[in-house]
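Q: kindly generate the corresponding structure for this input.
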Amino acid sequence: MFDGESHLSLYATLTAVFLGLYAWLLVRDRAQHHDEPPYYPYLVPGSKAYVVSDPADVTTVYRNSTALSFDTYIERGIAFVYGVRPSALGSPVGSPTLRDVVKGGTAANGTVVENSHVYSRRYLLQEAALEDLTKRTALQISRLLDAYEPSGEIGLHEWARTILSTAVTNAIYGPGLLQAHPDLIDRMWEFDDSFHHILSRPPFLLRKVYETRQELYRIFSDYVGDDDRSETMREGAFGLATARAENLKEAGSSVQMRAGCEIPLFHALHANATPTAFWVLAYILSTPGLKDRILLEIGPALKSRTKIDDDPDIDIAYLVSPKSCPLIHSCLYEAMRLTSGSLSTRLVEKPTAIGTYTLYPRNAVFVPSRIVHLAEDHWGPDVLQFDPDRFIKRPEELRPGNMWLRPFGGGATICPGRQYAGNEVKLFVAAVLRRFEVELRPGESVPPVDNSIPSAGMMKPARDVAVELAPRVSAM
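A: Below is the predicted model of the structure:
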């Protein structure tokens, strides 16, 4: 119907109209109160964004969990980024709203919808559940690496994405999900690489990312469905993968709604821990003598390897304990200090005093960690250097509530998966180093973070790292 020039003209016109309307909305209602702090334009027209970085002020933000709401912000973000809107996903009137899913509530049929924080903590923080999940993950990592046949040079970032994401998916969702949908990991990383565009581009420029998101909906609708195929797919799954969908089904939610609520969880399980594993390995390989020190430290945790055994080939409790393995623990937090773009977010619901300023309702609060993670006046002149012993020399920095180190956020909504993520990374690093001779390609180095991609968690590398991978002659 339109030729090429007509298409370009139409897009140019729509873009001009969109930008003009957005600019008008952005400056509307921009009057500043006399006691209001400096602010920045925000994605939501007519709203402002306050950036809080001083550690004392950050503590105040985390303590004001009612006036400065995390749940409301997350509810809006999930709806916008992941498209989770019950009515659009075929859920009937009276079934759980997204607010019910985030904050807890009661459906019209009387079913109690569990608060998402309670649900997450049950499966990621309770000791027995965390122990079970970590064991499952250790077994999956071992099986995948035992079956892997090195072929020379690999891209470390891409390889870690494939191996660790597959292991975690099998451990949590059971083997049936990837058997039925072997392209899931690739689709998830496609979405991860591009979903930030949803926050900055008009919808008519987002066809590709929306197509990828729709493919994730198709896969997870198949997984949480009500037929025998879906039930078979879920065999062997950990409760984290199934409890939410079962609760929503009982409350009357559609299959699409249940799928939509699984996608953010699946994304979160991979988007931060996997790049962290890459960064830790990259720094270990680039620091002379560090790999041998790590192997010496984890040696007592290593068990004889039997591929048919259902017990992990590593003493998990020994490996993940900062007391028995302080060096790998210090390396983990030092890598996160240098590469985390963690951003805590809140929505102001009541006027709130922060120092000498007042934050006003309807506006956003951003608490970036990277500013304090790279503060020279706190960390010293080597702040930009990787020091594997930094947190052995300064163990007080790892105390709970330290506002100078917060890769997992803070306050009541600190990441519930933080312990599992740390365990997962340590297991992967230990399993790789015990099985393979792995070295950086000559001339290779740790890349800088990619500052061109917005990040609210672990940042991506600006490029991949080429490493030489070969079976260890005498496997440990």
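
Q: now the strands for the stretch 201-350 of the chain?
A: Taking DSSP state E, counting those that start in this stretch as the test, the strands found in the stretch 201-350 of the chain are 343-348.

Q: low-confidence ranges, it, go.
A: Segments of the stretch 201-350 of the chain classed as low confidence (criterion: pLDDT under 70) are 305-309.

Q: got the residue ranges for the helices in it?
A: Applying DSSP state H, counting those that start in this stretch to the stretch 201-350 of the chain gives helices spanning 207-224, 228-233, 239-250, 255-271, 273-286, 290-298, 316-320, 326-339.

Q: redo those helices as TSV? Include distance to residue 129 and mean neighbour count.
A: All C-beta spots, glycine's among them, are computed from the backbone N, C-alpha and C. As requested, the helices of the stretch 201-350 of the chain are exported to TSV (distance: least, Cβ to Cβ, whole Å; neighbours: other Cβ atoms under 10 Å):
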stretch	distance to residue 129	mean neighbour count
helix 207-224	20	18
helix 228-233	22	14
helix 239-250	7	19
helix 255-271	15	22
helix 273-286	17	24
helix 290-298	25	17
helix 316-320	14	19
helix 326-339	22	23
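
Q: can you tell me which of these comes nearest to residue 114?
A: With respect to residue 114, and counting by Cβ to Cβ, the nearest of those is helix 239-250 at 5.8 Å.

Q: angle of the closest one against helix 207-224?
A: Helix 239-250 and helix 207-224 meet at an angle of 90 degrees, taking axes from the mean of the first three to the mean of the last three Cα atoms, to 10 degrees as the criterion.

Q: for helix 239-250, C-alpha coordinates in PDB please.
A: Coordinates of each C-alpha in helix 239-250 appear next as PDB, following Å, rounded to 0.1, in the frame of the first residue of the first chain:
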ATOM      1  CA  GLY A 239       9.000 -25.400  44.000                       C
ATOM      2  CA  LEU A 240      10.100 -22.000  43.000                       C
ATOM      3  CA  ALA A 241       9.200 -22.800  39.400                       C
ATOM      4  CA  THR A 242       5.700 -24.100  40.100                       C
ATOM      5  CA  ALA A 243       4.200 -22.800  43.300                       C
ATOM      6  CA  ARG A 244       3.400 -19.300  41.900                       C
ATOM      7  CA  ALA A 245       1.600 -20.700  38.800                       C
ATOM      8  CA  GLU A 246      -0.300 -23.200  41.000                       C
ATOM      9  CA  ASN A 247      -1.500 -20.500  43.300                       C
ATOM     10  CA  LEU A 248      -2.600 -18.300  40.400                       C
ATOM     11  CA  LYS A 249      -4.400 -21.200  38.700                       C
ATOM     12  CA  GLU A 250      -6.400 -21.800  41.900                       C
END
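
Q: residues making contact with that helix?
A: With Cβ atoms under 8 Å, 6 or more residues apart in numbering as the test, helix 239-250 has contacts from 95-96, 101, 111, 113-114, 116, 119-120, 122-124, 129, 133, 172-174, 224, 226, 234, 257-258, 261-262, 265.

Q: are any of these buried, and which?
A: Members of the contacts of helix 239-250 that pass the buried threshold by neighbour count (16 or more other Cβ atoms under 10 Å) are listed as 95-96, 101, 111, 113-114, 116, 119-120, 123-124, 129, 133, 172-174, 224, 234, 257-258, 261-262, 265.

Q: where do the helices sit along the stretch 51-200 of the chain?
A: For the stretch 51-200 of the chain, the helices defined by DSSP H, counting those that start in this stretch cover 55-63, 70-82, 98-103, 116-124, 127-147, 156-173, 176-180, 184-194.

Q: list the buried residues for the first one?
A: Residues of helix 55-63 classed as buried: 57-58, 60-62 (neighbour count, 16+ other Cβ under 10 Å).

Q: please state the offset of that helix from the chain centre?
A: Computed by Cα atoms, centre = their mean, to the nearest Å, the chain-centroid distance of helix 55-63 equals 23 Å.

Q: now that helix and helix 70-82, what's the angle there?
A: For the pair helix 55-63 and helix 70-82, the angle between their directions (the same axes, to 10 degrees) equals 80 degrees.

Q: which strands or helices does helix 55-63 pack on?
A: Applying 3 or more Cβ pairs under 8 Å, 6 or more residues apart in numbering; DSSP states H and E, one finds that helix 55-63 makes contact with strand 343-348, strand 352-354, strand 364-368.

Q: follow-up on the earlier one: residue 445: which of the buried residues of helix 55-63 is nearest?
A: When these are compared for distance to residue 445 (Cβ to Cβ), residue 58 wins out at 33.0 Å.

Q: excluding its backbone neighbours, what's nearest the closest one?
A: residue 403 (4.9 Å; Cβ to Cβ, 6 or more residues apart in numbering).

Q: what are the phi and psi values for that neighbour?
A: Comment: the main-chain dihedrals of residue 403 come out as phi -80, psi 0, following degrees, to the nearest 10.

Q: that one: how many residues sit nearby?
A: Residue crowding around residue 403 was assessed by other Cβ atoms under 10 Å; the count is 18.

Q: mind listing what it touches?
A: Residue 403 makes contact with 55-56, 58-59, 372, 410 under the criterion Cβ under 8 Å, 6+ apart.

Q: from those residues, pick the one nearest residue 141.
A: Of the contacts of residue 403, the one sitting nearest to residue 141 (Cβ to Cβ) turns out to be residue 410, at 29.1 Å.

Q: re earlier: wait, which of the helices of the stretch 51-200 of the chain is closest to residue 297?
A: Ranking the helices of the stretch 51-200 of the chain by distance to residue 297, with Cβ to Cβ as the measure, places helix 127-147 first at 17.5 Å.

Q: residues in contact with the closest one?
A: The contact list for helix 127-147, computed with Cβ under 8 Å, 6+ apart, reads 122-124, 163-164, 166-168, 170-172, 238-240, 305, 307, 310, 312-314, 316, 320, 419-420, 423-424, 427-428, 431-432, 435-436.

Q: still on that earlier bit, could you identify the most distant pair in the contacts of residue 403?
A: For those, with distances taken as Cβ to Cβ, the pair at the greatest spread is 56 and 410 (13.0 Å).

Q: returning to that earlier point: would you mind giving the helices of the stretch 51-200 of the chain as JSON lines with mean pLDDT and distance to residue 36 added?
A: JSON lines is the format used below for the helices of the stretch 51-200 of the chain (pLDDT from 0 to 100; distance: least, Cβ to Cβ, whole Å):
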{"stretch": "helix 55-63", "mean pLDDT": "92", "distance to residue 36": "14"}
{"stretch": "helix 70-82", "mean pLDDT": "92", "distance to residue 36": "19"}
{"stretch": "helix 98-103", "mean pLDDT": "94", "distance to residue 36": "28"}
{"stretch": "helix 116-124", "mean pLDDT": "92", "distance to residue 36": "30"}
{"stretch": "helix 127-147", "mean pLDDT": "96", "distance to residue 36": "43"}
{"stretch": "helix 156-173", "mean pLDDT": "98", "distance to residue 36": "42"}
{"stretch": "helix 176-180", "mean pLDDT": "98", "distance to residue 36": "48"}
{"stretch": "helix 184-194", "mean pLDDT": "96", "distance to residue 36": "35"}
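
Q: make a markdown table from the ones you listed and add distance to residue 346 to it.
A: Supplementary listing: the helices of the stretch 51-200 of the chain in a markdown table, determined by distance: least, Cβ to Cβ, whole Å:
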| stretch | distance to residue 346 |
| --- | --- |
| helix 55-63 | 6 |
| helix 70-82 | 6 |
| helix 98-103 | 14 |
| helix 116-124 | 15 |
| helix 127-147 | 27 |
| helix 156-173 | 29 |
| helix 176-180 | 34 |
| helix 184-194 | 24 |
